[in-house]
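A.B. asks: when you get a sec, could you give me coordinates for this:
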Amino acid sequence: MDRKLRNRILLYLFLAGVLAYVLIELSGRKPAPKISAVTPVRENLISSISSNGKVEPVSPYVMRAELDTFVDKVYVREGQQVKKGQLLMELDVKDAAAQLAATRAKLLAAQDDLRTAMAGGKPDEAAKVLGDLAKAQAKRDQLQKDHDALMHLIAQQAATREELAANDLSLTEAQAEVTRLTAVKQQFDRSVKLAADQAALQVDQLKNQIAALEEKVRQARIIAPADGTVYSLGRNEGSEPLKPGDYVKVGDLLAEMADLHKVRVRAFIDEPDLGGLEVNEPVKITWDALPNKSWSGRTETLPKQVVQRNTRSVGDVLCSVNNDNLELLPNTNVNVRINSREHFGVLSVPRGAVEVDGGHRYVYVVKPNQLGVGKSTLEKREIHVGIADATNYEVVSGLQEGELVALPGDVDLHDGMNVIVVNTSAANS
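C.D. replies: Numbers count the residues shown, from 1 in each chain. Prediction:
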């Protein structure tokens with residue numbers, strides 16, 4: 001074949017290929033990805049926050065052991081309703097009761113000693129000391145009178161100096177005896193006062209011991225402080241509820257009770273969700289143990305701080321909950337949903353249709369394409385959203401009713417992309 005003819009044929013074939021490609025592009029026969037789309041609709045949206053929480057009694061009564069001893073008797077079981085003043089449990093205080101009886105006997109004896117000391121000492125001892133001193137003083141006084149009489153008689157030469165000397169010697173001895181017995185009485189008085197002080201101190205000490213022992217004996221009787229439900233008993237070493245014979249130490253939990261008709265739930269709300277919360281917002285509580293039940297409540301107290309809880313930064317929101325049937329038990333873990341805001345008749349779009357880029361939210365609006373039957377073109381459009389529920393966003397601006405929005409699938413969407421819509425639905429269907 002002639003070289004020129006062959007080159008001409010190759011050129012014609014190349015031009016034919018280019019022309020075929022252009023015709024295919026213009027005729028729209030290039031395969032386009034198939035997508036689903038959704039039409040935004042108007043509906044009522046409730047912005048809710050879901051988290052977990054724990055049930056707590058509103059006004060719990062916690063009873064703890066105030067002495068080291070053994071459990072003697074247990075009169076209640078967990079979950080039992082009790083009345084104020086009802087006996088719940090008794091601890092073993094036999095030793096304390098025996099000590100109390102002995103100490104009371106010691107107090108009676110000490111009080112007798114105090115009365116004796118306050119009266120001036122033992123009567124026989126006091127009488128002897130006073131009697132001896134009185135006799136010595138009387139003898140001295142008599143000898144003094146004899147001395148005066150002898151001096152008068154000597155002046156009249158009716159007595160001798162020898163008689164006066166003998167009398168004066170006896171007077172000196174008598175005065176010495178009075179001095180000695182006066183010291184004895186002073187020592188006796190001091191000992192009586194010391195005995196009175198010691199007896200008074202002992203009486204006070206014994207009274208304090210009796211009060212402590214009476215309190216210890218009283219503490220052995222664990223009494224219900226109010227009407228309510230015993231929702232928890234202390235645990236023994238085997239993690240079982242306390243029973244007779246179990247040993248408890250000071251501070252160990254004996255029982256917890258409260259009026260469970262009104263409980264609260266401590267909801268653990270993640271930090272980003274705290275800003276939209278207010279007091280008195282409706283709350284729904286569910287419990288996995290009773291899957292067909294739910295309880296209503298209200299937010300009561302908002303957190304003052306954020307704390308670390310495992311891997312989460314949360315605030316504790318207290319919610320009041322009605323528990324008339326006493327089904328929610330303290331310390332159980334529950335699910336919490338707080339309905340913070342509700343908007344009526346707003347345009348909504350599925351969360352899955354919205355992309356976030358640099359703090360802005362976008363959707364891909366499906367626009368009919370004039371080229372090619374069945375094809376459409378995607379338009380990337382920024383929208384502004386309001387509240388959101390678990391599945392939808394409220395669209396404040398950027399979309400109109402009736403417009404079609406692409407849903408993500410196996411193909412990455414982009415602006416100007418040709419697509420074929422194979423399935424459409426309403427946003428809330």
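
A.B. asks: residue boundaries of the helices in the stretch 51-200 of the chain?
C.D. replies: 94-118, 123-155, 161-219 (DSSP state H, counting those that start in this stretch).

A.B. asks: next helix or strand past the worst-scoring helix or strand of the chain on mean pLDDT?
C.D. replies: The helix or strand of the chain with the lowest confidence, counting by mean pLDDT, DSSP states H and E, is helix 3-27 at a mean of 63. Once helix 3-27 ends, the next helix or strand along the chain (criterion: DSSP states H and E) is strand 34-39.

A.B. asks: adjacent strands (with direction) for that next one?
C.D. replies: strand 404-407 (antiparallel), strand 418-426 (parallel) (DSSP bridges).

A.B. asks: redo those as CSV? Include mean pLDDT, mean neighbour count and distance to residue 329.
C.D. replies: C-betas here are computed from N, CA, C, even on glycine. CSV is the format used below for the strands paired with strand 34-39 (pLDDT from 0 to 100; neighbours: other C-beta atoms under 10 Å; distance: least, C-beta to C-beta, whole Å):
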stretch, mean pLDDT, mean neighbour count, distance to residue 329
strand 404-407, 90, 20, 44
strand 418-426, 81, 15, 43
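
A.B. asks: what would those strands look like in a markdown table with distance to residue 197?
C.D. replies: Formatted as a markdown table, the strands paired with strand 34-39 follow (distance: least, C-beta to C-beta, whole Å):
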| stretch | distance to residue 197 |
| --- | --- |
| strand 404-407 | 97 |
| strand 418-426 | 97 |
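
A.B. asks: now residue 185: how far from residue 178?
C.D. replies: For residue 185, the distance to residue 178 equals 10 Å [C-beta to C-beta, to the nearest Å].

A.B. asks: these two: which is more packed in?
C.D. replies: residue 178 (20 against 15; other C-beta atoms under 10 Å).

A.B. asks: grab the nearest non-local neighbour of the more buried one.
C.D. replies: Computed as C-beta to C-beta, 6 or more residues apart in numbering, the closest residue to residue 178 that is not its neighbour in sequence is residue 136, at 4.6 Å.

A.B. asks: ok, back up a step: closest to residue 321 out of the helices of the stretch 51-200 of the chain?
C.D. replies: helix 161-219 (34.2 Å; C-beta to C-beta).

A.B. asks: how about stretch 351-368: buried residues?
C.D. replies: 353, 354, 361, 362, 363, 364, 365, 366 (16 or more other C-beta atoms under 10 Å).

A.B. asks: got a list of what the third one touches?
C.D. replies: Applying C-beta atoms under 8 Å, 6 or more residues apart in numbering to residue 361 gives the contacts 354, 355, 382, 383, 384, 385, 393.

A.B. asks: so it is in which element?
C.D. replies: Going by DSSP H and E, residue 361 is in strand 360-368.

A.B. asks: give me the residues contacting the helix or strand just after that strand.
C.D. replies: Downstream of strand 360-368, the next assigned helix or strand under DSSP H and E is strand 376-388. Strand 376-388 is contacted from outside by 45, 47, 341, 343, 346, 349, 351, 354, 360-369, 393-399, 404, 406, 413-421, using C-beta under 8 Å, 6+ apart.

A.B. asks: quick one: mean pLDDT over strand 376-388.
C.D. replies: If you average the pLDDT over strand 376-388, you get 88.

A.B. asks: the helix or strand following it - contacts with which helices or strands?
C.D. replies: The helix or strand immediately downstream of strand 376-388 is strand 392-397, counting by DSSP H and E. If contacts are counted by 3 or more C-beta pairs under 8 Å, 6 or more residues apart in numbering; DSSP states H and E, strand 392-397 sits against strand 41-57, strand 333-350, strand 376-388.

A.B. asks: which one of the ones you listed lies nearest to residue 285?
C.D. replies: That would be strand 333-350 among the helices and strands packed on strand 392-397, by C-beta to C-beta, at 5.3 Å.

A.B. asks: can you list the strands that the closest one pairs with?
C.D. replies: Using DSSP bridges, the strands paired with strand 333-350 are strand 41-57 (antiparallel), strand 282-287 (antiparallel), strand 392-397 (antiparallel).

A.B. asks: nearest to residue 336, of the ones you listed?
C.D. replies: Here strand 41-57 is closest among the strands paired with strand 333-350 (C-beta to C-beta), at 4.3 Å.

A.B. asks: show me which residues of the closest one are buried.
C.D. replies: 41, 43, 45-49, 51-57.

A.B. asks: same check on stretch 385-404?
C.D. replies: 385-389, 392-395, 398-399, 403-404.

A.B. asks: over to stretch 56-74?
C.D. replies: Quick answer for stretch 56-74 (16+ other C-beta under 10 Å): 56, 57, 58, 60, 63, 64, 65, 66, 67, 69, 71, 74.

A.B. asks: what is the burial count for residue 350?
C.D. replies: Neighbour number of residue 350 under other C-beta under 10 Å is 18.

A.B. asks: same deal with residue 268?
C.D. replies: Neighbours of residue 268 (other C-beta under 10 Å): 18.

A.B. asks: ok, now residue 228?
C.D. replies: Residues lying near residue 228 (other C-beta under 10 Å) number 21.

A.B. asks: thinking residue 332 is in contact with residue 288, fair?
C.D. replies: No: Residue 332 is beyond contact range of residue 288, at 9.3 Å (criterion: C-beta atoms under 8 Å).

A.B. asks: out of the two, which sits in the more crowded spot?
C.D. replies: residue 332 (17 against 9).

A.B. asks: and the pLDDT for the more buried one?
C.D. replies: For residue 332, the model assigns a pLDDT of 92.

A.B. asks: for the residue lying farthest from the centre of the chain, give me its contacts.
C.D. replies: The C-alpha centroid of the chain is most remote from residue 157, which lies 107.9 Å away (C-alpha atoms, centre = their mean). Listed by C-beta under 8 Å, 6+ apart, residue 157 has no contact partners.

A.B. asks: what pLDDT does it get?
C.D. replies: pLDDT, residue 157: 83.

A.B. asks: quick check: phi and psi on it?
C.D. replies: Backbone torsions of residue 157, given as degrees, to the nearest 10, read phi 60, psi 40.

A.B. asks: how many other residues sit next to residue 376?
C.D. replies: With other C-beta under 10 Å as criterion, residue 376 counts 21.

A.B. asks: that one pairs with what?
C.D. replies: Here residue 376, judged by DSSP bridges, has bridge partners residue 368, residue 419.
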